[in-house]
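K.L.:
Show me how the following folds:
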Amino acid sequence: MGDFWVFGYGSLMWKPGFAHVETVRARLYGYRRALCIRSHIHRGTPEHPGLVLGLDRGGSCLGLAFRVPGDLAGEVLAYLRARELVTNVYLERRLPLRLGDGRFVEAVVYVADRDHQQYAGALPAERAAEIVASAYGQSGPNVDYVISTVEHLRKMGIRDHWLESVATMISAGDEFRA
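P.N.:
Numbers count the residues shown, from 1 in each chain. Modelled structure (predicted):
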């Protein structure tokens with residue numbers, strides 16, 4: 001296997017955790033970043049799940065593409081699968097990306113499995129904010145996850161208006177807090 005690409009749209013962008021030789025802004029068409037995955041452990045509980053990011057169908061998503069040397073394929077794919085496929089709520093796919101310099105490449109991408117019990121579906125921003133504001137898991141408050149994600153995206157010059165609106169709602173006041 002030669003060099004290959006991996007697409008990051010959330011924490012993978014600022015904390016990839018694997019060796020790579022090139023990082024480029026990239027756009028994935030046909031999928032959007034969304035709080036569409038119920039979190040039963042890290043940002044919620046089975047009784048009161050929180051929400052974490054997934055790639056859901058529709059729109060497009062701006063993120064980062066990482067080029068991985070082919071001789072590290074086994075190691076990097078094992079790491080990614082251990083990180084992303086813990087509950088199998090994500091599906092590993094190879095999808096085309098458009099890199100910031102205009103090149104098109106195929107990349108390993110983890111998309112939401114719409115048939116999985118943790119898939120929350122397309123939520124209105126108000127409902128997502130309500131869920132996030134009151135969820136807490138082993139990794140802390142769900143609010144911290146969303147606010148941190150928005151801050152990281154902004155630092156990278158990436159705007160996600162829907163996610164920003166959720167963050168604004170949960171930061172604005174107590175109306176969502178249980």
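K.L.:
Buried residues in the helix-or-strand element of the chain with minimal mean pLDDT, which are they?
P.N.:
Within the chain, no helix or strand scores below helix 11-14, which has a mean of 92 by mean pLDDT, DSSP states H and E. For helix 11-14, a neighbour-count test (16 or more other CB atoms under 10 Å) marks 11-13 as buried. Any C-beta I mention is one placed from the backbone N, CA and C, and that applies to glycine too.
K.L.:
From the contact counts, what lies against it?
P.N.:
strand 50-68, helix 142-155 (3 or more CB pairs under 8 Å, 6 or more residues apart in numbering; DSSP states H and E).
K.L.:
Also compute the angle for the helix or strand that the shortest one is followed by relative to strand 50-68, please.
P.N.:
Of the helices and strands lying after helix 142-155 in sequence (DSSP states H and E), the nearest is helix 161-172. Taking axes from the mean of the first three to the mean of the last three CA atoms, to 10 degrees, helix 161-172 and strand 50-68 form an angle of 140 degrees between their directions.
K.L.:
Now do helix 161-172, average pLDDT.
P.N.:
Taken as a whole, helix 161-172 has a mean pLDDT of 94.
K.L.:
Give the full set of residues in contact with residue 26.
P.N.:
Contacts for residue 26 (CB atoms under 8 Å, 6 or more residues apart in numbering) come out as 5, 7, 62-65, 97-100, 105, 107.
K.L.:
Single out the most deeply packed of the helices and strands packed on helix 11-14.
P.N.:
Stretch with highest mean neighbour count among these: strand 50-68 (a mean of 21; mean count of other CB atoms under 10 Å).
K.L.:
Centre of the chain to it, how far?
P.N.:
Averaging C-alpha positions (CA atoms, centre = their mean, to the nearest Å) puts strand 50-68 5 Å from its chain's average.
K.L.:
and the angle from it to helix 142-155?
P.N.:
Using the same axes, to 10 degrees: strand 50-68 against helix 142-155 is 30 degrees.
K.L.:
Mind listing what's buried along the helix or strand that strand 50-68 is followed by?
P.N.:
Once strand 50-68 ends, the next helix or strand along the chain (criterion: DSSP H and E) is helix 73-84. For helix 73-84, burial by neighbour count (16+ other CB under 10 Å) applies to 76-77, 80, 84.
K.L.:
Could you do stretch 37-53 as well?
P.N.:
For stretch 37-53, burial by neighbour count (16+ other CB under 10 Å) applies to 37-40, 43-44, 49-53.
K.L.:
For that stretch, measure first residue to last.
P.N.:
One end of stretch 37-53 to the other measures 6 Å (CA to CA, to the nearest Å).
K.L.:
ok, and what's touching it?
P.N.:
Stretch 37-53 is contacted by residues 9-10, 33-36, 54, 87, 89-90, 112, 117-120, 123, 128, 131-132, 134-142, 145-146, 149 when judged by CB under 8 Å, 6+ apart.
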